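**Student:** Below is the sequence, then the predicted model.
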Amino acid sequence: MAGSNERLPARARYPLTISALACCFGLSRSTLLYYHRIGLLRPSAKSPAGYRLYAPVDGERLARIVELRAAGLSLAAIRHVLGGRAELAAALALRVGEIDAQVAALGAQRDVLAAMLDGTGEGGHELPMSKEAWSAMFRAIGLDDAAMHRWHAEFERSMPQAHAAFLRSLGLGHRDVARIRRRCRSAEPDEPAAGRRARRGGAAPLEPDVSGRVTRRR
């Protein structure tokens with residue numbers, strides 16, 4: 001995969017319109033409009049007709065944004081780093097910590113899957129487990145409520161169909177399963193779609209606790 005700096009247009013091509021700059025980095029026009037709206041990337045000028053025009057310095061800033069996004073930094077973190085309100089090293093260290101937490105959640109997910117395999121009888125038929133048994137097992141492998149949320153989100157991301165089957169095995173109805181999966185799939189709030197959902201507000205989504213009951217987050 002080419003580095004973000006390799007995508008930088010030749011300086012002779014500037015100024016660039018928003019669509020042309022987005023195309024150079026494989027981004028959509030709406031993404032750059034969103035970056036403009038949150039103050040992450042603004043054009044250096046506008047044409048007499050009102051079109052956004054981007055200078056070389058804007059292209060270099062976008063290359064940096066793309067690079068940091070590829071490293072997994074949130075848009076909020078990138079805005080702080082580029083705005084001088086946070087040190088890059090600190091932001092990267094925080095991201096490493098987040099990845100470590102995800103690795104731990106994956107390990108917990110593997111433990112649960114192994115337990116599910118152990119709970120199958122001859123011919124691969126599942127032996128039913130009570131909610132109390134699931135709760136005890138989750139606690140035994142060290143999952144608190146925050147870890148449970150990460151576990152569900154990673155399970156949904158990596159194996160959505162298996163996650164749905166697991167939720168149904170807890171006795172949850174179709175509507176509750178759908179709500180939990182939507183919660184797990186929701187992007188971080190600095191993405192355009194999630195930002196729109198956050199601005200619209202609404203009731204907190206339902207999700208299961210460690211025993212399989214459905215509760216409403218506050």
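**Tutor:** That came through fine.

**Student:** what comes up buried for the helix or strand hosting Asp111?
**Tutor:** Assigned by DSSP states H and E, Asp111 falls within helix 88-118. In terms of neighbour count (16 or more other CB atoms under 10 Å), helix 88-118 has its buried residues at Ala91, Leu92, Arg95, Ala105, Ala108, Gln109, Asp111, Val112, Ala115, Met116. All C-beta atoms are positioned from the backbone trio N, CA, C, and that covers glycine.

**Student:** Among those residues, show me the least confident.
**Tutor:** Among these, Met116 carries the lowest pLDDT, at 66.

**Student:** Can you get me a residue count around Arg182?
**Tutor:** 14 (other CB atoms under 10 Å).

**Student:** what helices or strands is the host helix or strand of it leaning on?
**Tutor:** Using DSSP H and E, Arg182 sits within helix 174-185. With contacts taken as 3 or more CB pairs under 8 Å, 6 or more residues apart in numbering; DSSP states H and E, helix 174-185 sits against helix 145-158, helix 160-169, strand 206-208.

**Student:** Leaving out the residues flanking it, which one is nearest to Arg168?
**Tutor:** Val177 (6.0 Å; CB to CB, 6 or more residues apart in numbering).

**Student:** Hmm, Ala165 and the one you found touching each other?
**Tutor:** No: applying CB atoms under 8 Å, one finds Val177 not in contact with Ala165, separated by 9.6 Å.
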